[in-house]
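A.B. asks: next one to model:
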Amino acid sequence: MPPTSGSSRNAISAAYTLTGAVLGLGLLGYVLDRKFETKPYLLLAGLLLGVVVGMYELWKAMFPPRGSA
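C.D. replies: Purely as a prediction, here's the structure:
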């Protein structure tokens with residue numbers, strides 16, 4: 001497997017973080033919905049929070065703070 005550059009590594013990491021955040025928080029929302037019988041509100045909240053967290057991580061990977069390149 002060829003070595004990847006720092007920016008490629010950051011983008012791949014952000015993509016996995018986006019996917020993991022959406023799936024993980026969505027699953028957590030689903031489980032809490034079943035426990036508290038609040039369908040579909042906690043699932044939707046978990047998915048939305050997952051997208052927000054994932055997009056934040058993607059933003060950090062695409063636009064790193066100045067001086068940290």
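A.B. asks: distance-wise, check the spatially closest residue to residue 17 that is not a sequence neighbour relative to residue 11.
C.D. replies: Counting by Cβ to Cβ, 6 or more residues apart in numbering, residue 17 lies nearest to residue 57, which is 4.2 Å off, once chain neighbours are set aside. All C-beta atoms are positioned from the backbone trio N, CA, C, and that covers glycine. With distances taken as Cβ to Cβ, to the nearest Å, residue 57 is found 11 Å from residue 11.
A.B. asks: more neighbours: these two, which one.
C.D. replies: Shown here are residue 57 and residue 11; by other Cβ atoms under 10 Å, residue 57 has more neighbours (19 against 15).
A.B. asks: buried ones in the helix or strand that contains that one?
C.D. replies: Residue 57 is part of helix 41-62, with elements assigned from DSSP states H and E. Neighbour-count burial for helix 41-62, counted by 16 or more other Cβ atoms under 10 Å, picks out 42, 43, 45, 46, 47, 49, 50, 53, 54, 57, 58, 61.
A.B. asks: tell me the spatial nearest neighbour of the fourth one, not counting adjacent residues.
C.D. replies: Read it as residue 46. Closest residue to residue 46 apart from its sequence neighbours, by Cβ to Cβ, 6+ apart: residue 29 at 2.5 Å.
A.B. asks: correct me if wrong: the one you found contacts residue 44.
C.D. replies: Yes - Residue 29 is within contact range of residue 44, at 7.0 Å (criterion: Cβ atoms under 8 Å).
A.B. asks: now the angle between helix 41-62 and the lengthiest helix in the chain, please.
C.D. replies: With secondary structure taken from DSSP state H, the chain has its longest helix at helix 6-36. Here helix 6-36 runs at an angle of 170 degrees relative to helix 41-62 (axes from the mean of the first three to the mean of the last three Cα atoms, to 10 degrees).
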